[in-house]
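S.K.: Prediction below, plus the sequence it came from.
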Amino acid sequence: MSANSHIMDCPFEDLLIVDISGTVATGYAGKLFADYGAIVVNVESAKGFSTRRLNPILEAGNSALHGYLNANKQSVISENVLNHRAVLEADLVLWPFLQPRPCPIQVKEGAQGLSRRN
C-alpha cells in the first residue's frame, strides 16, 4: 500500500458538507461525500427531514431509507437552519434545487476553490 492510497480513498476528507434540505437527492449526494471522507452534517428543523418518515419504517420507528442515506453523517437540530454555524462554515451546502426562492447562501470557495484543492 503506497503513501498516496489514503488520499485516493478519502479525496474529500478536508471538506465540510452541510445538507439543509433532507431530500433523497441531497441525502444521496451527501452519502457519497461521506463515503469519500467528507464530514457531512445534516442541519434539520425541529420537524426533522421528510426522509425520516418515508416507508418502509423499521420496527424501531425509523425509516430504512433515511438510515441508509444518512449513515456516517452527523445531524443537528436548529431553530434557524440557515444561520446555523455549520451552514456558515461549510465548504458546500446541499440545497433543494426546486426551492421556490433563490438560495441565500454563498458557498465560501465555490467550484473553483473545490477544484483547486482536489
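M.R.: Right, received. Where do you want to start?

S.K.: Next, please give the residue ranges for the strands of this protein.
M.R.: Remark: strands assigned in the chain by DSSP state E are 16-19, 39-44, 74-77, 92-94.

S.K.: so how far is D14 from S21?
M.R.: 23 Å (C-beta to C-beta, to the nearest Å). Using the backbone N, CA and C atoms, a C-beta is placed for each residue, glycine as well.

S.K.: Let me have the strands of the chain in CSV, extended by mean pLDDT, mean neighbour count and distance to S50.
M.R.: Converted to CSV, the strands of the chain look like this (pLDDT from 0 to 100; neighbours: other C-beta atoms under 10 Å; distance: least, C-beta to C-beta, whole Å):
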stretch, mean pLDDT, mean neighbour count, distance to S50
strand 16-19, 96, 24, 12
strand 39-44, 96, 24, 10
strand 74-77, 96, 14, 14
strand 92-94, 92, 23, 14
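
S.K.: For these, could you give me CSV that also reports distance to T26?
M.R.: Converted to CSV, the strands of the chain look like this (distance: least, C-beta to C-beta, whole Å):
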stretch, distance to T26
strand 16-19, 5
strand 39-44, 9
strand 74-77, 13
strand 92-94, 4
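
S.K.: With L54 as the reference, name the closest of these.
M.R.: Evaluated over the strands of the chain, closeness to L54 peaks at strand 39-44, with 14.6 Å, by C-beta to C-beta.

S.K.: how about the helices in the chain?
M.R.: Along the chain, the stretches classed as helices by DSSP state H are 5-9, 24-35, 64-69, 85-89, 110-117.

S.K.: Tell me which of the strands of the chain approaches H84 most closely.
M.R.: strand 39-44 (4.8 Å).

S.K.: Summarise which helices and strands the closest one is packed against.
M.R.: In terms of contacts (3 or more C-beta pairs under 8 Å, 6 or more residues apart in numbering; DSSP states H and E), strand 39-44 is packed against strand 16-19, helix 24-35, strand 74-77, helix 85-89.
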